[in-house]
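Engineer: only geometry, no sequence info:
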């Protein structure tokens with residue numbers, strides 16, 4: 001059996017291929033910004049992202065844009081690459097802000113939930129005490145359940161909600177520096 005190595009195995013980049021009539025199809029026509037700051041066309045963005053999410057976040061990708069009509073003048077390669085990198089850099093930045101907001105919401109929800117749980121448990125002890133009986137048992141259990149229900153949202157945030165957001169951020173970061181090639185179709 002060969003010894004295991006700590007060096008990562010080089011993986012060939014996955015190719016995302018986009019076929020367009022001209023370079024203008026790549027961008028949102030309603031966005032008045034210059035090309036390097038333009039938003040991507042919704043369909044082009046969705047296509048690139050959907051393919052990128054098919055691969056593991058750490059696996060490299062390359063975008064190849066096939067154009068039927070190359071613009072006159074210098075190669076569109078640098079402009080297209082810069083525009084795509086800028087777009088996904090911005091998406092990664094927005095994702096980090098969304099993640100921070102989610103964690104802040106989680107902290108606030110946790111504080112509120114713990115306080116409400118404490119109030120419910122204290123009330124159940126003060127009001128009902130150790131009295132036995134069906135009504136006191138229902139009241140005590142209702143307060144206990146209500147307190148734990150208040151913990152639902154912070155637990156949901158800290159156990160489940162952050163994972164997909166963090167994964168999306170890793171994919172956006174990868175797309176923000178992926179190699180981009182522009183080729184003439186055909």
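Structural biologist: Good, I have the coordinates. As the structure is a computational prediction, the values presented were derived from the model and not from experiment.

Engineer: tell me the domain ranges of this structure?
Structural biologist: The chain resolves into domains spanning 14-97+174-184, 100-167 when parsed by automatic domain parsing.

Engineer: winner for burial among those?
Structural biologist: Ranked by mean neighbour count, the domains of the chain are led by domain 14-97+174-184 with a mean of 15 (mean count of other Cβ atoms under 10 Å). Quick note: C-beta positions are derived from backbone N, CA and C, even for glycine.

Engineer: by mean pLDDT, flag the weakest helix or strand of this structure.
Structural biologist: Least confident helix or strand, the chain: helix 134-149 with a mean of 89, by mean pLDDT, DSSP states H and E.

Engineer: before we move on, back to that, would you single out the least confident of the domains of the chain?
Structural biologist: Lowest mean pLDDT within those: domain 14-97+174-184, a mean of 88.

Engineer: so residue 15, which of the three states?
Structural biologist: Classification of residue 15 by DSSP: H, G, I helix; E, B strand; the rest coil places it in strand.

Engineer: ok, now which ones touch it?
Structural biologist: Shown in contact with residue 15 (Cβ atoms under 8 Å, 6 or more residues apart in numbering): 61-62, 64.

Engineer: which of those lies closest to residue 160?
Structural biologist: Residue 160 has its nearest neighbour among these in residue 61, at 26.8 Å by Cβ to Cβ.

Engineer: what is that closest one paired to in the beta sheet?
Structural biologist: Residues in a beta bridge with residue 61, per DSSP bridges, are residue 14.

Engineer: surely it and residue 54 touch.
Structural biologist: No: at 9.5 Å, residue 61 and residue 54 do not qualify as touching, with contact defined as Cβ atoms under 8 Å.

Engineer: from the chain's centroid, how far away is the top helix by length along the chain?
Structural biologist: Criterion DSSP state H: the longest helix present in the chain is helix 77-123. Centroid separation for helix 77-123 versus its chain: 10 Å, with Cα atoms, centre = their mean, to the nearest Å.
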